[in-house]
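Colleague: Fold the following.
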Amino acid sequence: MSTDIRVIIPAFNEEASIGKVIADIPTLVSEIIVVNNTSSDQTEAVAKKAGATVLREENMGYGYACLKGLDYLAGQEKKPDIVVFLDGDYSDYPEELTKIVRPIIEENIDLVIGARDKRLREKGSMTFPQIFGNWLATTLMRLFFRARFTDLGPFRAIKYSKLLALQMEDKTYGWTVEMQLKALKKNYTYVEVPVRYKNRIGVSKISGNLKAAVKAGIKILGWIFKYSFKK
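Modeller: Next up, the predicted model:
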């Protein structure tokens, strides 16, 4: 019996990259869902031409886009076994999806994070605020929750049933850390898989914008401290 895997890709002005991302996703995926998050370019048209299911989310925010994708899945008669989240900027290597989902399929792991290993990162692909923010967040999670995470990487896979149980709610920058914190609270099994990482196509909406980077940092730390004192 085959495993039903769906991919959700939040996308904002990614017309130059989204087609490449979709083309490189392994054929074992049942459906690729691109959530067009207020793009002003041809992201939607390119994604449709590449064969993706395209949804529109008019509220700007990474979490809003991810939640839109989950709403879509909830309305489908056939539910997936695994949901993979992947960025639309081509900074990840979509073909590595096979090793992201392998621990779930072969070892019954609940959550897998694609960790952007320093040894596998292209020079300049992560900015200092990103590197420091990841270090600070994962260090705090280790101190407060004895977590083994080293990254908040957006390339990740999770069992659909486990994802629903998390009752995800963050609308913007805190989506990834919220998922990891709630998984820790629920004692989910998890592993990190080292993945390659390259310079994205286009300009980052967070790391390329100081104001956005600060907001993202505040949101991430807010989630950590909220859960560190929550019983």
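Colleague: Give me the mean pLDDT for stretch 27-47.
Modeller: In this model, stretch 27-47 has a mean pLDDT of 97.
Colleague: Would you mark the buried spots in it?
Modeller: 29, 31-37, 39, 41-44, 46-47 (16 or more other CB atoms under 10 Å). From N, CA and C alone the C-beta is placed, and that goes for glycine too.
Colleague: Which of those fall in strands?
Modeller: If you go by DSSP state E, these have 31, 32, 33, 34, 35, 36 in strands.
Colleague: Which parts of this protein are helices?
Modeller: 18-24, 43-49, 62-74, 97-107, 128-145, 160-166, 175-185, 210-228 (DSSP state H).
Colleague: Pick the most deeply packed of those.
Modeller: Highest mean neighbour count among the helices of the chain (mean count of other CB atoms under 10 Å): helix 175-185, with a mean of 23.
Colleague: Mind putting the ones in strands among the buried residues of stretch 27-47 into JSON lines with distance to residue 84?
Modeller: Formatted as JSON lines, those follow (distance: CB to CB, whole Å):
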{"residue": "31", "distance to residue 84": "11"}
{"residue": "32", "distance to residue 84": "9"}
{"residue": "33", "distance to residue 84": "10"}
{"residue": "34", "distance to residue 84": "13"}
{"residue": "35", "distance to residue 84": "14"}
{"residue": "36", "distance to residue 84": "18"}
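Colleague: For residue 170, state which of these is nearest.
Modeller: Using CB to CB, residue 35 comes nearest to residue 170 of those, at 15.0 Å.
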